[in-house]
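# Fold the following.
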Amino acid sequence: MPVNINRVILTANLTKDPELRQTPSGTSVCKLRVACNTRRKDGSGQWVDKPNYFDVTIWGAQGENCANYLSKGRAVAIDGRLEWREWESQEGQKRQAVEIVAESVQFLGDGKNGGGQNSALSYAQGQAAPAENYAGATAPSGYGGAPSGGQYGDPAPVGPAGADDDIPF
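Residues are numbered from 1 along each chain as shown. Next up is the predicted model:
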């Protein structure tokens, strides 16, 4: 039987400041709203940017760090999975939503000017973008800031192909 893959990787900009909450058991959960442009041709044949908006959920200490160091306009790279949820509103209506549950969030840009479009663009084009780890310090260029003890352990390279000659693949 084939294995299903549920994976989302994108670079985007925050459309509002992060919202941090606590579950009744004390676990932190951070909610982000991000926008990611898709280029399309309009009716006249001109290329235009169409924004796509996504809700992102980050759990635990990584969510706390996102709430502490991110703000509206900041560029981020998100690696996670899609999750569909269904609930009933207070008015009794059935509601549904698809959101991204982030497994890692990489802060792009320098954070002083919000990251901006240029930071996300240079990252998407494979150029080395400044990286921050989750303590807010600058990390070596080309490495993600996944906290140790995460799903995959040590940070994985996220820079352009061939950026680190020590990697054998």
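
# measure G73 to I5 for me?
The gap separating G73 from I5 is 32 Å, by C-beta to C-beta, to the nearest Å. Just so you know, the C-beta spots here come from the backbone N, C-alpha and C atoms, and that holds for glycine as well.

# likewise Q22?
From Q22 over to I5 the distance is 32 Å, taken as C-beta to C-beta.

# Neighbour count for those two, which is higher?
Taking other C-beta atoms under 10 Å, Q22 and I5 do not tie; Q22 has more neighbours (10 against 6).

# Can you report phi and psi for A61?
phi -60, psi -30 (degrees, to the nearest 10).

# Could you list which residues are in contact with K31?
If you count contacts by C-beta atoms under 8 Å, 6 or more residues apart in numbering, K31 has them with P18, E19, R21, D55, V56, T57.

# which ones are touching the last one?
What it means is T57. The neighbours of T57, taking C-beta under 8 Å, 6+ apart as the test, are V29, C30, K31, L32, G63, E83, E99, I100, V101, A102.

# Kindly recompute the last result at 7 Å.
With contacts defined as C-beta atoms under 7 Å, 6 or more residues apart in numbering, T57 is in contact with V29, K31, E99, V101, A102.

# will you turn these into TSV that also has pLDDT and distance to Y69?
Formatted as TSV, the contacts of T57 follow (pLDDT from 0 to 100; distance: C-beta to C-beta, whole Å):
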residue	pLDDT	distance to Y69
V29	96	16
K31	97	15
E99	96	21
V101	97	20
A102	97	14
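
# Spatially nearest residue to I78 (excluding sequence neighbours)?
Spatially, and ignoring its direct neighbours in sequence, I78 is nearest to A102 (5.1 Å; C-beta to C-beta, 6 or more residues apart in numbering).

# Can you pull the phi and psi angles for that neighbour?
Note on A102: its backbone torsions stand at phi -80, psi 130 [degrees, to the nearest 10].
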